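Engineer: Give the three-dimensional model of this entry:
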Amino acid sequence: MGERRRLAGFSGRGYDKGRGPGWQAAWQLASAIAVMPWFVPVPVRIAVLRAFGARIGRGVNLRSGVRVHWPWKLEIGNDTWVGERVWILNLEPVTIGNDVCISQGALLCTGSHDRRSPTFEFDNAPIVVEDGAWVAARATVLRGVRVGADAVIGATALAVRDVPAGATVLAPAAIVRS
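Structural biologist: From the prediction side, this is the model:
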């Protein structure tokens, strides 16, 4: 057995939130009021995200219940769809290309922890989803992954390493060449 984890010693070193506590608090409030609720029109959701630093292209459809951890670390291209209850946990930058579909309940998670660290320090990395890709319902893309152009992460599948352009990842995590 290895050394036991001592979470009280966690420092979070190396993680830059990108904005101060005031911005963070304002974003949490704005997100709860103007981004997540079903009754808020898509143009309002997008305007609020842009006001907090997100770079969002034209023709984006951002459905209700979408959670974005830090909008200033988010870039979405043109004509992209983001479905209900998608969670973009972007401790690091998330870049989503043009004509991408991120379906209902999908998770893009840039954060993790170093399992070898006795204080469980962060082990974060950005995510890139290239043009034409589809992250299907309840699929998960983990930190450091690049989803290639026109690739598919199937429903409930887990992407833990780069996915080549045009490839399909099915649950359980098998890459199938098209």
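
Engineer: Point to the helix or strand of this protein where mean pLDDT is at its lowest.
Structural biologist: strand 174-176 (a mean of 61; mean pLDDT, DSSP states H and E).

Engineer: what pLDDT does the residue nearest to L74 when sequence neighbours are not counted get?
Structural biologist: The shortest distance from L74 to any non-neighbouring residue, by Cβ to Cβ, 6 or more residues apart in numbering, is to A54 (4.4 Å). Yep, even glycine has a C-beta here, placed from its N, CA and C like the rest. A54 is assigned 98 on the pLDDT scale.

Engineer: cool, the one 5 residues further on as well?
Structural biologist: Model confidence at G59, given as pLDDT, is 98.

Engineer: That one touches D79, doesn't it?
Structural biologist: Yes: in this structure, G59 is within contact of D79 by Cβ atoms under 8 Å, at 4.1 Å.

Engineer: what about the two, which has more around it?
Structural biologist: D79 (16 against 12; other Cβ atoms under 10 Å).

Engineer: wait, doesn't the more buried one sit right on G97?
Structural biologist: No: at 9.9 Å, D79 and G97 do not qualify as touching, with contact defined as Cβ under 8 Å.

Engineer: for this structure, what are the low-confidence residue spans?
Structural biologist: 1-2, 173-178 (pLDDT under 70).

Engineer: follow-up on the earlier one: ok, now which ones touch the residue nearest to L74?
Structural biologist: Going by Cβ atoms under 8 Å, 6 or more residues apart in numbering, A54 touches 68, 71-72, 74-76.

Engineer: now swap in L142 and tell me
Structural biologist: By Cβ under 8 Å, 6+ apart, the neighbours of L142 are 109, 112, 127, 158-160.

Engineer: Same check on V152?
Structural biologist: Contacts of V152 (Cβ under 8 Å, 6+ apart): 133-134, 136, 167-169.

Engineer: All the helices of this protein, residue numbers only.
Structural biologist: 21-30, 42-51 (DSSP state H).

Engineer: before we move on, back to that, which two of the contacts of A54 have the greatest separation?
Structural biologist: W72 and I76 (13.0 Å; Cβ to Cβ).

Engineer: Now stretch 94-104: buried residues?
Structural biologist: 94-103 (16 or more other Cβ atoms under 10 Å).

Engineer: Which members of those residues are positioned in strands?
Structural biologist: Among the buried residues of stretch 94-104, the members falling in strands (DSSP state E) are 94-96, 101-102.

Engineer: ok, of those, which one's closest to I46?
Structural biologist: I96 (13.3 Å).

Engineer: what pairs with that closest one across the strands?
Structural biologist: I76, V129 (DSSP bridges).

Engineer: ok, it - contacts?
Structural biologist: With the criterion set at Cβ under 8 Å, 6+ apart, I96 makes contact with 74-77, 80, 82, 102, 129.

Engineer: Having no further points to raise, I will conclude here.
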